[in-house]
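Enquirer: mind folding the following:
(2 chains)
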Protein chains: 2
Amino acid sequence: MLDENALKTLFTEARTHYHFSPQPVTQEDLRRLYDLAKFGPTSANSSPARFVFLRTPEARERLKPALSAGNLDKTMAAPVTVIVAYDPHFYDALPKLFPHADARAWFAGNAELAEETAFRNATLQGAYLILAARAIGLDAGPMSGFDRGRVDEIFFAESGWKSNFLVNLGHGDGTGVFPRAPRLEFAEACLEV
Amino acid sequence: MLDENALKTLFTEARTHYHFSPQPVTQEDLRRLYDLAKFGPTSANSSPARFVFLRTPEARERLKPALSAGNLDKTMAAPVTVIVAYDPHFYDALPKLFPHADARAWFAGNAELAEETAFRNATLQGAYLILAARAIGLDAGPMSGFDRGRVDEIFFAESGWKSNFLVNLGHGDGTGVFPRAPRLEFAEACLEV
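Expert: The predicted structure follows:
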C-alpha cells in the first residue's frame, strides 16, 4: 500500500501541466518511463501502444500543422511531446508476448476486434505512461485536441501506426495551472449492486 | 518521486490476479478507490467513466450470461467485479466539470467526437482505477472477454451507459498467476525523433 505522499504525487495533488521549466527530460528518463509503463496490464499482454517521443524542435515542427490552436504554443515549448499511438497489427507480436496460446489467431482474422483491442489497450497504456511519468518526478500534459489523420500522414505513412493522443512531458513550472475543477461524486459516477 | 517499493506495487512487481483470498473488499475500499481514480486527467475534465461495483452473488449471477467461458469461474468467485462503463451523454455534466468554457457544445452536436472521447477517456479512467486499486493494497484482474452488448442490455437498459471492460478486485492469493510474460523492448515500441 502506498503512503500519502505517493498518492498525492499520482492522484490527489497531481495536476495537468501546460508550462515547463527548462530542465530537460533525458533519454534515460524516457527509458525509465517506458520500463515502468510497459508492465501495466493489457488484454492478452498485447501491448499495442507505440510511443513516439518528440525531443527536438525539428520533430515538433513536423507536428505543428496537426495541432489545434489551443494546444500549439504549449506543445512547441514542452521539453518532450509523446505521440501515444498503436500498431493495428499489434497481434503479430503475440507469439512473443503471449506464449501461452495462439492469441494471434484471435485478432488476425477479425479486424473489428483487433481495432477495438488496439485502441482500448493503447489507451490504457497511455494512462500507465501518464502515471509512470508522475511516479518518476515528471509532469504530464495530455491532449486530444489535434488532427489524428494528419499526424498519421506525417509520422506513420510507412509504419501504419495510428495516433491516439498526445502527452507533453517535463518539469511543470506551475504557471497557468487551473484551480482544481470539481469531480463527479461517488453517487454520480458509481453504482453498487 | 516514488520510492522503489511503490514502483514495485504499481508496476514492476504487480500482476494480474485470477484468484482472491476470502478477505472482503469493503464499501469504504470502493469509495477510497474512486476518490483516487477520479483525479486522473481526462479531456476537458469530462470524466465519462461510470463504475458499477458488483458486490453480491445475485449481481454476479446477472453478469454470468455475458461472460466468456474463460472468465466465468474466476469472476463468479471474486469479491468484487467492476463494470467499467461510460455515459455517452457525459457532456451534460460539463457545465459542472469544466466551468471555464462551454465544453458541452463541443460534444453535444458531434456524436462521433462524443463517442470517441467517451471511450478513450473512460478507458484512461479504467487504467487509473487499476493502478489506484494497487495503490491501496488491492489486486486487480482486468478482462475484456465478455459480450458488451449483452452487459448493456442486462445492466444499462435504462441509463444508456455502455460497458467497456471488467475488473475483478480483491486480495490476490497468487494461485494461477502466470510467470511474467515478456514485454516489447524500448526499441520495438518507441521512437525518439
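Enquirer: quick one, what contacts A:Gly137?
Expert: Residues near A:Gly137 by CB atoms under 8 Å, 6 or more residues apart in numbering or on different chains: A:171, B:1. In this view, the C-beta of every residue, glycine as well, is placed from N, C-alpha and C.
Enquirer: look up how far A:Arg32 lies from it.
Expert: Separation of A:Gly137 from A:Arg32 (CB to CB, to the nearest Å): 10 Å.
Enquirer: what is the burial count for A:Gly145?
Expert: Per other CB atoms under 10 Å in any protein chain shown, the neighbour tally for A:Gly145 reads 16.
Enquirer: for the closest residue to it other than its chain neighbours, give me its contacts.
Expert: Of all residues not flanking A:Gly145 in the chain, A:Ser68 sits nearest, at 3.8 Å (CB to CB, 6 or more residues apart in numbering or on different chains). Applying CB under 8 Å, 6+ apart to A:Ser68 gives the contacts A:145-147.
Enquirer: what of A:Leu63?
Expert: Listed by CB under 8 Å, 6+ apart, the contact partners of A:Leu63 are A:54, A:75, A:81, A:83, A:146, A:151, A:154-155.
Enquirer: out of those, which is most surrounded?
Expert: Result: A:Ile83 is most packed of those (other CB under 10 Å), 27 neighbours.
Enquirer: any idea how far that one is from B:Glu192?
Expert: A:Ile83 sits 11 Å away from B:Glu192, going by CB to CB.
Enquirer: same thing with A:Leu97?
Expert: Relative to B:Glu192, A:Leu97 is positioned 22 Å away (CB to CB).
Enquirer: for A:Ala181, same thing?
Expert: Using CB to CB, A:Ala181 is found at 34 Å from B:Glu192.
Enquirer: okay, these two: which has more neighbours?
Expert: Using other CB under 10 Å, the more surrounded residue of A:Ala181 and B:Glu192 is B:Glu192, with 16 against 13.
Enquirer: just the pLDDT for that one.
Expert: On pLDDT, B:Glu192 comes in at 97.
Enquirer: then A:Ser68?
Expert: We have a pLDDT of 95 for A:Ser68.
Enquirer: what are the phi and psi values at it?
Expert: phi -70, psi 160 (degrees, to the nearest 10).
Enquirer: what does the one 4 residues further on give?
Expert: In terms of degrees, to the nearest 10, the main-chain angles of A:Leu72 are phi -70, psi -60.
Enquirer: now do the contacts for it.
Expert: Contacts for A:Leu72 (CB under 8 Å, 6+ apart) come out as A:Lys64.
Enquirer: thinking again about what came up before, between A:Ile83 and B:Glu192, which contacts overlap?
Expert: Shared contacts of A:Ile83 and B:Glu192 (CB under 8 Å, 6+ apart): A:Val52.
Enquirer: contact partners for A:Arg32?
Expert: Applying CB under 8 Å, 6+ apart, one finds that A:Arg32 lies in contact with A:Ile136.
Enquirer: meant to ask about A:Ala135, not that
Expert: So A:Ala135 contacts A:6, A:9-10, A:36, B:1-2, B:6-7, B:10-11 (CB under 8 Å, 6+ apart).
Enquirer: nearest to chain B: which residue in chain A?
Expert: Closest contact between chain A and chain B, by CB to the nearest CB, is at A:Ala127 (3.3 Å).
Enquirer: residues near that residue, how many?
Expert: By other CB under 10 Å, neighbour count at A:Ala127 equals 27.
Enquirer: for it, what are phi and psi?
Expert: Phi and psi for A:Ala127, reported as degrees, to the nearest 10, are phi -70, psi -40.
Enquirer: for it, give me its contacts.
Expert: Residues near A:Ala127 by CB under 8 Å, 6+ apart: A:40, B:40, B:123-128, B:131.
Enquirer: select, from those residues, the two members most distant in space.
Expert: A:Gly40 and B:Gln125 (14.1 Å; CB to CB).
Enquirer: so in chain A, which strand runs the longest?
Expert: strand A:162-170 (DSSP state E).
Enquirer: and the most centrally placed residue in chain A, what pLDDT?
Expert: With distances taken as CA atoms, centre = their mean, A:Gly126 lies nearest the centre of chain A, 2.9 Å away. Per-residue confidence (pLDDT) for A:Gly126: 98.
Enquirer: that one touches A:Pro142, doesn't it?
Expert: Yes: between A:Gly126 and A:Pro142 there is a contact under CB atoms under 8 Å: 7.5 Å.
Enquirer: next, show the common contact partners of those two.
Expert: Here A:Gly126 and A:Pro142 have A:165, A:167 as joint contacts, going by CB under 8 Å, 6+ apart.
Enquirer: residue boundaries of the helices in chain A?
Expert: Using DSSP state H, the helices assigned to chain A run over residues A:4-7, A:27-37, A:57-63, A:69-77, A:94-97, A:104-108, A:111-135, A:148-155, A:186-189.
Enquirer: which strands or helices does the last one pack on?
Expert: Read that as helix A:186-189. Here helix A:186-189 touches helix B:27-37, strand B:49-54, going by 3 or more CB pairs under 8 Å, 6 or more residues apart in numbering or on different chains; DSSP states H and E.
Enquirer: quick check: which ranges of chain A have low pLDDT?
Expert: Applying pLDDT under 70 to chain A flags no residue at all.
Enquirer: can you do 90?
Expert: For chain A, applying pLDDT under 90 flags the ranges A:100, A:176, A:178.
Enquirer: returning to that earlier point: the residue of chain A closest to chain B and B:Arg120, how far apart?
Expert: Taking CB to CB, one finds A:Ala127 at 10 Å from B:Arg120.
Enquirer: just the buried residues of the contacts of A:Ala135.
Expert: Buried members of the contacts of A:Ala135, scored by 16 or more other CB atoms under 10 Å in any protein chain shown, are A:6, A:9-10, A:36, B:2, B:6-7, B:10-11.
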